[in-house]
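[1] What would the 3D arrangement of this be:
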Amino acid sequence: MSETASFCSYCGREFKPGEDFCADCGAPKEGEGPQPAISEPPPGGPPGGPEAVLDVIPYLVEIKGFLGLGTKFMNLVVTTERLIFALMPDELFSEVSDIDIKVTEKAEEKGLDWREYIESHDFSSAPWRKYLAWQPEDIVKEHKGNFAFTFKDILTARLLLDKGSEGEVPYDVLVLEAGGKTWELNCAWGNGHHVRRALSEVIRLEVGEREISS
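    This is a model prediction of the structure:
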C-alpha cells in the first residue's frame with residue numbers, strides 16, 4: 001500500500017519519503033499524511049501602490065461544450081488587485097503546444113517525475129513571460145475574450161492536487177466561484193503547486209487532494 005501524500009503547508013511542494021524540511025522553501029514538515037489547508041494571504045493583503053503583475057501561471061484549460069469543442073486555453077496573470085485570464089490565440093497556443101511536446105519528451109528522456117522536471121525547467125523565454133513586463137489593463141485589452149476578477153469578486157477558491165501515479169501526468173484542478181458561475185480549470189503539467197504559491201499570496205485558497213474515480 002502506498003504512503004499517503006504529504007505537502008508543505010507553506011509552498012505546497014510534495015515531500016519525498018524521509019524529508020523533514022521542504023527542499024523548495026525550507027519549511028519544516030508538519031506531521032504526517034495529507035495536509036489539506038486554507039492558505040491565507042499575508043496580513044494587509046497585497047502591497048499598495050499602482051496595480052502590478054506578480055506572476056503568470058501558464059496553460060490553464062477550461063473544458064467546455066460538446067466533445068470539448070468549446071474548450072478554452074488561457075494563461076492566468078496574477079496582479080496585486082485581480083486575476084486576469086488571458087486567452088491564447090491560435091499562434092500562441094501553437095507555441096505552447098510545441099513546448100508541451102518538448103516538456104513531455106524531456107521528462108521521459110531524463111526519467112524524471114513531471115513536477116520535478118517542471119520545477120527545474122527553464123521557461124525564461126516562454127511566450128507567456130511577456131506579461132510580466134506589461135501593464136495589467138493592457139493584458140485585459142489584448143484580446144476580446146480576456147476577462148478578470150478582482151479579489152473581492154472571488155467568493156471561493158479551491159485547488160485540488162493530484163498525487164498521480166508514477167509516469168503519469170499529474171492532473172491538478174483550480175475551482176473558482178466568481179462572476180456568478182463556477183470555473184473549473186485544469187492545470188497543465190501538474191503545475192498546481194505553482195498555482196498554490198502564486199494565489200496563496202493574494203487570496204484565501206483552500207487546498208486539498210483531487211479524488212480519483214475508480
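
[2] for the chain, which strand is longest?
    Longest strand in the chain by number of residues, with DSSP state E as the criterion: strand 53-62.

[3] elements contacting that strand?
    strand 72-79, helix 90-110, strand 181-187, helix 192-199 (3 or more Cβ pairs under 8 Å, 6 or more residues apart in numbering; DSSP states H and E). Every C-beta, even on glycine, is put in place using the N, C-alpha and C of the backbone.

[4] Out of these, name the one with the poorest average pLDDT.
    Of all the helices and strands packed on strand 53-62, the minimum mean pLDDT falls on helix 90-110 (a mean of 63).

[5] Give me the nearest residue to G145, chain neighbours excluded.
    L87 (4.5 Å; Cβ to Cβ, 6 or more residues apart in numbering).

[6] What are the neighbouring residues in contact with the one you found?
    72-74, 143, 145-146 (Cβ atoms under 8 Å, 6 or more residues apart in numbering).

[7] Could you dump those into a markdown table and include neighbour count and distance to E81?
    As requested, those are arranged in a markdown table below (neighbours: other Cβ atoms under 10 Å; distance: Cβ to Cβ, whole Å):
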| residue | neighbour count | distance to E81 |
| --- | --- | --- |
| K72 | 15 | 23 |
| F73 | 19 | 24 |
| M74 | 23 | 19 |
| H143 | 14 | 20 |
| G145 | 12 | 21 |
| N146 | 16 | 15 |
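
[8] which among these gets closest to I154?
    Minimum distance to I154 across these is 16.0 Å, recorded for M74 (Cβ to Cβ).

[9] does A86 count as helix, strand or coil?
    Judged by DSSP: H, G, I helix; E, B strand; the rest coil, the three-state class of A86 is strand.

[10] ok so, going back, dig out what the residue nearest to G145 forms beta bridges with.
    Counting by DSSP bridges, L87 forms beta bridges with M74.

[11] From L185, how far out is it?
    Separation of L87 from L185 (Cβ to Cβ, to the nearest Å) stands at 12 Å.

[12] One more: F149?
    Taking Cβ to Cβ, one finds F149 at 12 Å from L185.

[13] joint contacts of those two?
    Common neighbours of F149 and L185 (Cβ under 8 Å, 6+ apart) are L176.

[14] For the two, indicate the residue with more neighbours.
    L185 (21 against 18; other Cβ atoms under 10 Å).

[15] check contacts around the more buried one.
    60-62, 74, 76, 173-176.

[16] Select only the buried ones of these in ChimeraX?
    Those of the contacts of L185 that count as buried under 16 or more other Cβ atoms under 10 Å are selected in ChimeraX with:
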select :60,61,62,74,76,173,174,176
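
[17] if we take the contacts of L185, which one ends up nearest to L205?
    The closest of the contacts of L185, once distances to L205 are taken by Cβ to Cβ, is L174, at 9.0 Å.

[18] wait, is that closest one part of a strand?
    Yes. The assignment for L174 is a strand, going by three-state DSSP.

[19] Hmm, Y59 and it touching each other?
    No. In this structure L174 lies outside contact range of Y59 using Cβ atoms under 8 Å: 12.0 Å.

[20] Report the set of residues contacting both of these two.
    C187.

[21] S6: neighbouring residues, count only.
    18.
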